[in-house]
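Trainee: build me a model:
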Amino acid sequence: MTTADSETYSAAVAPEFAPAQFVRWFREVAPYVHDFRGKTFVVAFGGELVRDGVLNPLIQDLSLLSALGVKLILVHGSRPQVNEQLQLKGYDIRFGRGTEPTSPAALECAKEAAGEIRLDIEAAFSQGLPNTPMSHAHIRIISGNFVTARPVGIIDGLDYEHTGAVRKIDINAIKAVINEGAIVLLSPLGFSPTGEAFNLAMEDLATSAAIALRAEKLIFLTQDSLIRDANGNAITELARAEADRLLADAELDEDTQAFLTHASRAVKRGVARAHLLPYTLDGSVLLEIFTHDGVGTMVVEDTLDDLRPAEVDDIGAIVQLIEPLEADGTLVPRGRAVIERDVEKFSVLEHDGVIYGCVAVIPFPEEEMAEMACLIVHPEWQSEGEGEMLLRHAEMRARSKGARRLFVLTTRTSHWFMKRGFVRGSISDLPKERQLTYNRSRNSLIFIKRL
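Mentor: As a prediction, this is how the structure comes out:
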């Protein structure tokens with residue numbers, strides 16, 4: 001029997017247990033566990049998630065993150081529940097995605113809806129049935145007056161009454177709670193110093209909390225607000241500058257526009273990563289955090305320093321990066337003329353005017369493939385994550401050019417690529433044009449990754 005809240009297998013239909021696969025997976029997620037222990041995540045979801053009956057699976061996944069040492073702040077919305085209360089009481093008011101006035105009657109409905117959802121969340125975290133993910137979980141979840149709000153006021157002659165905006169997040173109080181291993185729950189209500197209550201937008205509240213707490217991640221769970229490429233495939237990583245360009249084009253649907261706006265704002269203000277995840281996919285939070293590519297759209301600043309397209313003036317620096325690797329046989333010799341011809345295919349990492357990394361992406365549009373070449377980080381800058389960043393940047397550039405597969409030829413770094421999702425290929429897997437130029441005397445290994 002399968003429900004939205006639980007999944008049980010009989011012995012006859014249980015999936016076959018593969019010990020080696022389980023051990024390999026457990027070892028692969030270990031670096032993520034180490035990396036995120038003690039980090040702060042803000043996880044936000046609207047009332048739609050509760051309405052659609054997927055609260056319990058989410059709570060089970062979040063309890064696992066808490067057990068692994070992640071510090072969690074949950075922010076819930078209640079828009080559909082408020083609208084339901086308004087309808088039941090005979091009011092014509094309905095809340096949509098935008099900022100709208102909140103009358104005294106609507107504020108009472110907002111209080112009732114927020115209280116009901118808060119109790120549902122607390123009840124879900126209190127589960128402890130044997131043979132379930134919540135078994136032996138003893139998680140405290142604490143809510144309170146952590147948010148000071150201000151009225152939106154009167155705009156263009158319209159009084160927004162009890163609609164508010166975040167004025168201040170009580171950082172010290174929240175940190176005291178999460179440092180003790182408890183989870184903080186924020187409802188979409190804030191209070192003024194005079195004791196008034198204000199209706200807040202879940203998205204604004206979550207973003208403000210993530211910025212104030214300098215969170216490692218801001219995670220929005222949405223119905224389906226992922227950013228997709230021309231082929232309809234989810235773009236798993238998006239630079240903030242590209243996100244802002246998409247927002248400026250105004251071609252996104254209303255929900256996606258709203259979530260992406262807040263994700264971009266959070267990253268711009270210091271949040272390391274902002275994620276848009278589909279709550280319709282069971283386990284999407286775990287899949288996003290503990291797998292290399294994830295299942296949603298992650299917005300990043302894109303630069304630890306300055307990652308940008310190469311220019312003609314950068315050719316000399318690129319040649320200097322490449323020459324030592326050509327000399328020891330790691331890279332096939334290209335020559336300055338080839339770099340000059342292909343400079344527009346390169347991106348470079350720069351810090352204080354010094355170029356210390358580069359990567360090239362060469363598209364093969366007919367086969368919907370792209371080659372990644374010359375992924376180099378100067379030895380003095382290695383082990384700081386720059387190689388990983390260049391790889392993700394190359395994947396993003398390849399997707400933007402319509403590629404569905406990215407390939408690389410290597411003689412000495414096969415394990416590095418295998419750890420990052422590339423699988424062994426053969427010459428016949430290469431684009432026909434690239435097969436003709438493959439240097440058989442080097443016997444380079446071919447690795448391919450689906451984008």
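Trainee: past the longest strand anywhere in the chain, which element shows up next along the chain?
Mentor: When the chain is parsed with DSSP state E, its longest strand is strand 354-364. Per DSSP states H and E, strand 354-364 leads on to strand 369-377 as the next helix or strand towards the C-terminus.
Trainee: from the contact counts, what lies against that following strand?
Mentor: Packing contacts for strand 369-377, counted by 3 or more Cβ pairs under 8 Å, 6 or more residues apart in numbering; DSSP states H and E, involve helix 315-327, strand 354-364, helix 386-400, strand 405-410. Any C-beta I mention is one placed from the backbone N, CA and C, and that applies to glycine too.
Trainee: okay, now the sheet partners of that strand, with direction.
Mentor: Partners of strand 369-377 in the sheet, by DSSP bridges, are strand 354-364 (antiparallel), strand 405-410 (parallel).
Trainee: centre of the chain to the last one, how far?
Mentor: In other words, strand 405-410. Remark: strand 405-410 is offset 25 Å from the chain centroid, using Cα atoms, centre = their mean, to the nearest Å.
Trainee: likewise for stretch 321-333?
Mentor: Distance, stretch centre to chain centre, for stretch 321-333: 35 Å (Cα atoms, centre = their mean).
Trainee: for stretch 121-129, same thing?
Mentor: In terms of Cα atoms, centre = their mean, the centre of stretch 121-129 is set 26 Å apart from its chain centre.
Trainee: got the strands paired with strand 369-377 as JSON lines, with mean neighbour count and distance to residue 421 columns?
Mentor: Shown next, in JSON lines, are the strands paired with strand 369-377 (neighbours: other Cβ atoms under 10 Å; distance: least, Cβ to Cβ, whole Å):
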{"stretch": "strand 354-364", "mean neighbour count": "21", "distance to residue 421": "16"}
{"stretch": "strand 405-410", "mean neighbour count": "21", "distance to residue 421": "10"}
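Trainee: which one, of the ones you listed, ends up nearest to residue 22?
Mentor: Proximity to residue 22 (Cβ to Cβ) singles out strand 405-410 among the strands paired with strand 369-377, at 28.3 Å.
Trainee: what average pLDDT does the closest one get?
Mentor: Computed over strand 405-410, the mean pLDDT rounds to 96.
Trainee: give me the contact list for it.
Mentor: By Cβ atoms under 8 Å, 6 or more residues apart in numbering, the surrounding residues in contact with strand 405-410 are 368-373, 375, 394-395, 398, 417, 422, 425, 429-430, 438, 444-451.
Trainee: for residue 111, find the nearest of the strands paired with strand 369-377.
Mentor: Set against residue 111 and scored by Cβ to Cβ, the strands paired with strand 369-377 come closest in strand 405-410, at 51.0 Å.
Trainee: buried stuff in whatever helix or strand comes next after the closest one?
Mentor: As assigned by DSSP H and E, the chain's next helix or strand after strand 405-410 is helix 414-418. By neighbour count with 16 or more other Cβ atoms under 10 Å, helix 414-418 contains the buried residues 414, 416-417.
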